[in-house]
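Student: give me a 3D structure for the following:
(one chain, ligands or ions: 1)
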Amino acid sequence: MSRRPIVAGNWKMYKTTTEAVAFIDELAKLVGKDDDVAIYLAVPFTLIKPCSESAKGSSIVIGAQNMHDATEGAFTGEVAGSMLLDAGAKFVILGHSERRNIFKETNAFIHKKVQRALELKLHPILCIGETLEERNDEQTHSVLQEQLSECLKGASVDAINNNLTIAYEPVWAIGTGQVATPEMADDAHRFCRDWLRQNFNEDIAQNVRIIYGGSVNSSNCNGLFQKGDIDGALVGGASLQADKFYQIVESAKQRGSVV
Ligand code: 13P
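Tutor: You can find the predicted model right below:
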């Protein structure tokens, strides 16, 4: 099993339907039939259906940025995983630091969402990462360990095999222009892969893709992609323009799959 790179855009709370469809049309032309790199776009809920329809026939995969763990119920303003699938989403970002920090999501809540997404075969991209204070206190590994063990508690090998991506996103690097050095990111990714090996098995450690997020752009992605344990990127700001985003896809293509 080889790890094909993933370049995932996280549009956060940006774009109207017209803007989104124009983006997909432009990106689809640039991508053509190429599928050396998995191209994911996590769009706002309202854009999942129109984007999925526009992306048909291309290798662009549409997903969501969050979900609730319940199957249905009285949860005003929330969206269930089955509804995301129904709208055409194939994956969902869970535990993004903006959800953790602004909306006070805990590891326990994220764990429930991960369980539900795995059950639904809605591929989760689980986000983890330390704050600047935690890094300065040399707590990075222990924070990652805690997030991984709490969010993936009880997950079975079968459920996560080929159905989980981890995004290492140091909080201090998100939206700040202060990207982690390739060495810092590589160290964190290696730590996560070792954790997967110790807590699941060698196959899982080799198969699960670990992508880096935090101020990634077309100028700094090459250095990151040269590291063997960095399997792609989760891109915020630089994913909002199709040509800029595609440059990152091109860099990931140079890196190729890790076998
Ligand atoms: P930026 O690329 O804008 O720093 O955002 C990163 C991010 O939060 C992706 O999920």
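
Student: make sure Glu78 is indeed in a helix.
Tutor: No - secondary structure assignment places Glu78 outside any helix; it is coil (DSSP: H, G, I helix; E, B strand; the rest coil).

Student: contacting residues for it?
Tutor: 67-68, 70 (C-beta atoms under 8 Å, 6 or more residues apart in numbering). No exception for glycine: its C-beta is placed from N, CA and C like everyone else's.

Student: phi, psi for it please.
Tutor: phi -100, psi 170 (degrees, to the nearest 10).

Student: picking that back up, from the contacts of Glu78, pick the one nearest Val143.
Tutor: Comparing these against Val143 with C-beta to C-beta picks out Met67 as the nearest, at 23.7 Å.

Student: which residues touch stretch 186-203?
Tutor: 1, 128-129, 140-141, 144-145, 148-149, 152, 157, 160-161, 166, 168, 170, 180, 204-205, 208, 210, 212, 227-230.

Student: same check, this time on stretch 245-253
Tutor: Here stretch 245-253 makes contact (C-beta under 8 Å, 6+ apart) with 5-7, 9, 27, 30-31, 34, 36-37, 39, 216-218, 221-222, 225, 232-233, 235, 238-239.

Student: the one residue in the stretch 101-250 of the chain that gets nearest to the ligand: neighbour count?
Tutor: Residue of the stretch 101-250 of the chain nearest the ligand, by C-beta to the nearest ligand atom: Gly236 (2.2 Å). Neighbour count of Gly236, defined by other C-beta atoms under 10 Å: 23.

Student: tell me which helix or strand the closest residue to Val21 other than its chain neighbours sits in.
Tutor: Among residues not flanking Val21 along the chain, Ser54 sits closest, at 4.9 Å (C-beta to C-beta, 6 or more residues apart in numbering). For Ser54, the host element (DSSP states H and E) is helix 48-55.

Student: what does this structure put close to the ligand?
Tutor: Residues of the chain that fall close to the ligand, judged by C-beta under 6 Å from any ligand atom: 10, 96, 169, 174-175, 213-216, 234-238.

Student: may I ask which of the residues you listed has the most neighbours?
Tutor: Neighbour counts for the residues of the chain next to the ligand (other C-beta under 10 Å) peak at Glu169, which has 30 neighbours.

Student: the closest residue to it other than its chain neighbours: what's it in contact with?
Tutor: In this structure, Glu169 finds its nearest non-sequential neighbour in Gly213, 3.9 Å apart by C-beta to C-beta, 6+ apart. With contact set as C-beta under 8 Å, 6+ apart, Gly213 has these partners: 10, 127, 129, 167-169, 173-174, 233-236.
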